[in-house]
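J.: one predicted model, sequence on top.
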Amino acid sequence: MFTEPSRRVMFYAQEEARNCEASCVASEHILLGCLVEEDWKPPKLLEQLNCPIEQIRPAVKKLRVGLAHPSHIPLAHSPESKAISEAAFELAKGTPSGAILPEHIFLALFSDEDYGAAKILADLGVTRDAAEAGLKSL
């Protein structure tokens with residue numbers, strides 16, 4: 001079950017994909033969606049890990065050249081985006097509430113090293129192990 005904050009992550013991811021003129025929502029858009037609200041754990045984590053958050057958006061823009069998509073039509077989610085949702089669900093299953101939080105979505109971005117978001121984070125020095133350890137301390 002997605003919590004309200006995790007639903008907002010996915011809403012923001014759609015908006016980010018639209019802003020990038022992408023044809024679908026991909027992992028890098030979900031990464032940007034995780035960073036929108038500063039009181040969520042992912043932005044705090046990246047700050048704690050000394051990750052230059054301001055470099056993420058330009059990296060996303062370089063990663064994919066989009067195809068214009070009419071703004072009134074919802075964007076489809078890419079197969080990797082769907083896999084991230086499934087991975088976030090699996091991560092959340094191990095918690096008392098079983099509810100998906102933004103941090104589960106963020107960790108799910110690392111579920112495949114070929115995802116655009118995983119590559120961007122790796123290039124900025126953020127690993128899954130560091131993210132998991134950092135989230136436990138927040």
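T.: Arrived safely, thanks for sending.
J.: what helices or strands is the worst-scoring helix or strand of the chain on mean pLDDT leaning on?
T.: When the helices and strands of the chain are scored by mean pLDDT, DSSP states H and E, strand 76-77 comes last with a mean of 86. Judged by 3 or more C-beta pairs under 8 Å, 6 or more residues apart in numbering; DSSP states H and E, the packing partners of strand 76-77 are strand 24-25. Heads up, the C-betas are built off the backbone N, CA and C, glycines and all.
J.: list of residues touching the strand it packs on?
T.: With C-beta atoms under 8 Å, 6 or more residues apart in numbering as the test, strand 24-25 has contacts from 10, 13-14, 17, 75-78, 81.
J.: dump the residue contacts of the most centrally placed residue in the chain.
T.: The centre of the chain sits closest to residue 31, judged by C-alpha atoms, centre = their mean, with a distance of 2.6 Å. Listed by C-beta under 8 Å, 6+ apart, the contact set of residue 31 reads 56, 60, 106, 109, 116-117, 120-121.
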